[in-house]
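> Need the 3D shape of this:
(one chain, ligands or ions: 1)
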Amino acid sequence: MKHLLENPVFAMASRQFDLAADVLELPQELRERTKWPKRMISVSLPVRMDNGQVHTFTGHRVQHHLTLGPGKGGIRYAPDVELGEVAALAMWMSWKCALMDLPFGGAKGGVACNPAAMSARELESLTRRFTDELLPFIGPKTDVPAPDMGTNEQTMAWIMDTYSAHEGHAVPSVVTGKPVNIGGSLGRKEATGRGVAFLANRAAELLQLRSDSSVIVQGFGNVGSYAATAMARFGSRIVGIGDISGALYNPNGIDPIQVSQYLQTHRSLVGFPDAEHLSNEELLVQPCDILIPAAKERVITSENAAKLQCRILAEGANGPTTPDADDILNQRDDVFVIPDILCNSGGVTVSYFEWVQGLQSFFWSESEVYDRLYRLLEPTFARVLKFAKDRRIPHRTAALAMGIQKVADTKRTRGLFP
Ligand code: NAD
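The predicted model follows:
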């Protein structure tokens, strides 16, 4: 299995696991059993494109573990999707769900494609074909996909519809992050970004930062745009925003709503008025109180970690900071890290609420959703800080160790089959 997973993102998740397993002094047998994915599925997806030709895409679903409940994790559409990357993301989902005490295993899926260059019809055909290939492996009790980079509520609706057509009745709980009119939860779309903003504010209070703290957000999709608007609503000044097309910086503040509207018509940040235009690399090292990477993995590296000028690094993306960068940040006591598996866990937590609501066919108001979310995030944040302080370890290692410990303990208790 190891040779199939050769990939820099998997190497990173693997190194993080080893560090946390060392802290826990996990016995070798349990370490191996906890680390490697339970199941990896790779499929070929022939799709007739709008030009009449058939293009065959490659898709993956990795179920890292199913020990605590159904697999849970997003589906990513991006050109560079690879099995090793999907396996790393599945592994992080395992520790995240366990850290948040959710009754789920960890999973992730992805298709190597460029969604920005595909029509809605092509994306629908691809999604339905992918779902069809995954039919034996997904379901409300086995593995429940959700959106990730390049996918959205519409993608989830197509998955739900394809799965339901095979079952012969509507099965809303096969996915989360679906539209509210087919059984989605109020607040799910905004949940990851709002959760990031909630925790960034808790950290800002702890560090006694000024109330109009300055914020830079890299990535302005689902996570980044809602994190930016929530931060602005809480009174912060958004001084930088980046996406795949480039980055904007204005120390006097940028209105995230105006950026969203601009993107709707122009599809790119190029030409946005009233801000300096920078590269994404430059954006990350501009001065700010709170830096929120919310785009992709491995953007904070040994090259730029020493140059960050933020007080709080609130990781909206999965895996934005490499272990080499962590080594540098761990030497800097001026940067407070809220690690990804904690910081962006608002998304999977509200996915859990959506799954529960769907299974009961009993739906909650948005304020109930957020009240419950914040009541879970707050104590988990406190537990991670305490675990880190008691053992004198970085926040990331603490969060990972807490998640890994729970998965390992559950495996030990359940024993081996047969
Ligand atoms: P998305 O597709 O909605 O948005 C991605 C954003 O990142 C876009 O603005 C895109 O332009 C930008 N981007 C892509 N490549 C970039 C690059 N090279 N440089 C700068 N910007 C770039 O995706 P999303 O759902 O917001 O996910 C973003 C991150 O958050 C991913 O790491 C994902 O795994 C993680 N995450 C998402 C959720 C969720 O609920 N959607 C939950 C937890 C974690």
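> which residues sit against the strand or helix carrying Ala228?
According to DSSP states H and E, Ala228 maps onto helix 222-233. The contact list for helix 222-233 (CB atoms under 8 Å, 6 or more residues apart in numbering) reads 147, 152, 189-190, 192-194, 196-198, 200-201, 215, 217-218, 220, 238, 241, 243, 255-257, 259-260, 290, 292, 294-295, 314, 316-317, 344, 347. All C-beta atoms are positioned from the backbone trio N, CA, C, and that covers glycine.
> Please list which of those residues also come close to the ligand.
147, 192, 218, 220, 243, 294-295, 316-317, 344, 347 (CB under 6 Å from any ligand atom).
> re the thing from before, what residues of the helix holding Ala228 count as buried?
Residues 222-232 are the ones in helix 222-233 that count as buried (16 or more other CB atoms under 10 Å).
> related to what we said a few turns ago, out of the ones next to the ligand among the contacts of helix 222-233, who's nearest Phe387?
Asn344 (18.8 Å; CB to CB).
> Can you get me a residue count around that closest one?
29 (other CB atoms under 10 Å).
> In the stretch 151-300 of the chain, what residue lies closest to the ligand?
Closest residue of the stretch 151-300 of the chain to the ligand, CB to the nearest ligand atom: Gly221 (1.7 Å).
> Leaving out chain neighbours, which residue sits closest to that residue?
Met149 (7.0 Å; CB to CB, 6 or more residues apart in numbering).
> re the thing from before, pipe the buried residues of helix 222-233 into CSV and attach distance to Pro273 and pLDDT per row.
As requested, the buried residues of helix 222-233 are exported to CSV (distance: CB to CB, whole Å; pLDDT from 0 to 100):
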residue, distance to Pro273, pLDDT
Asn222, 25, 95
Val223, 25, 97
Gly224, 20, 98
Ser225, 19, 98
Tyr226, 23, 98
Ala227, 23, 98
Ala228, 18, 98
Thr229, 19, 98
Ala230, 24, 98
Met231, 22, 98
Ala232, 18, 97
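> among the residues you listed, which two are most distant?
Asn222 and Ala232 (16.5 Å).
> how many neighbours does the residue of the stretch 1-150 of the chain found nearest the ligand have?
Nearest to the ligand, among the residues of the stretch 1-150 of the chain, is Met149, at 3.8 Å (CB to the nearest ligand atom). By other CB under 10 Å, the residues close to Met149 number 22.
> ditto for Arg391
Using other CB under 10 Å, Arg391 has 13 neighbouring residues.
> again with Val270
What Val270 shows, counting by other CB under 10 Å, is a neighbour count of 10.
> doesn't Ser245 make contact with it?
Yes - using CB atoms under 8 Å, Val270 is in contact with Ser245, at 5.7 Å.
> Please, where are all the helices along this protein?
Assignment of helices within the chain using DSSP state H yields the ranges 8-24, 28-35, 83-99, 120-134, 153-167, 188-206, 222-233, 256-266, 280-284, 323-331, 340-343, 346-360, 366-391, 395-414.
> Redo those as CSV? Include distance to Leu45.
Output for the helices of the chain, formatted as CSV (distance: least, CB to CB, whole Å):
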stretch, distance to Leu45
helix 8-24, 22
helix 28-35, 29
helix 83-99, 14
helix 120-134, 5
helix 153-167, 13
helix 188-206, 26
helix 222-233, 23
helix 256-266, 29
helix 280-284, 30
helix 323-331, 33
helix 340-343, 29
helix 346-360, 24
helix 366-391, 34
helix 395-414, 31
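> Which positions in this structure make contact with the ligand?
So far as CB under 6 Å from any ligand atom goes, the chain lies against the ligand at 147-150, 192, 218-224, 242-244, 280, 294-296, 316-318, 344, 347.
> From those, list just the buried residues.
Using 16+ other CB under 10 Å, the buried ones in the residues of the chain next to the ligand are 147-150, 192, 218-224, 242-243, 280, 294-296, 316-318, 344, 347.
> hmm, back to that, what's the closest of the helices of the chain to Asn51?
Nearest to Asn51, of all these, is helix 120-134, at 9.8 Å by CB to CB.
> Tell me what angle that closest one forms with helix 153-167.
50 degrees (axes from the mean of the first three to the mean of the last three CA atoms, to 10 degrees).
> What average pLDDT does helix 120-134 get?
Regarding helix 120-134, the rounded mean pLDDT is 98.
> May I see the buried residues of it?
Going by neighbour count (16+ other CB under 10 Å), the buried part of helix 120-134 is 122-131, 133-134.
> what does it rub up against?
With contact meaning CB under 8 Å, 6+ apart, helix 120-134 is reached by 41, 43, 45-50, 57, 59, 61, 75, 77, 109, 111, 113, 115, 118, 138, 154-155, 158-159, 161-163, 166.
> coming back round to it: export the ones next to the ligand among the contacts of helix 222-233 to CSV and append columns for pLDDT.
Output for these, formatted as CSV (pLDDT from 0 to 100):
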residue, pLDDT
Pro147, 96
Thr192, 97
Gln218, 98
Phe220, 98
Asp243, 97
Ala294, 98
Ala295, 97
Gly316, 98
Ala317, 97
Asn344, 98
Gly347, 97
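> Going by distance to Ala398, which of those wins?
Set against Ala398, the nearest of these by CB to CB is Asn344 (16.4 Å).
> didn't the closest one look like it was pressed against Glu315?
Yes - at 6.7 Å, Asn344 counts as touching Glu315 under the criterion of CB under 8 Å.
> Before I go, just wanted to say thanks for your time.
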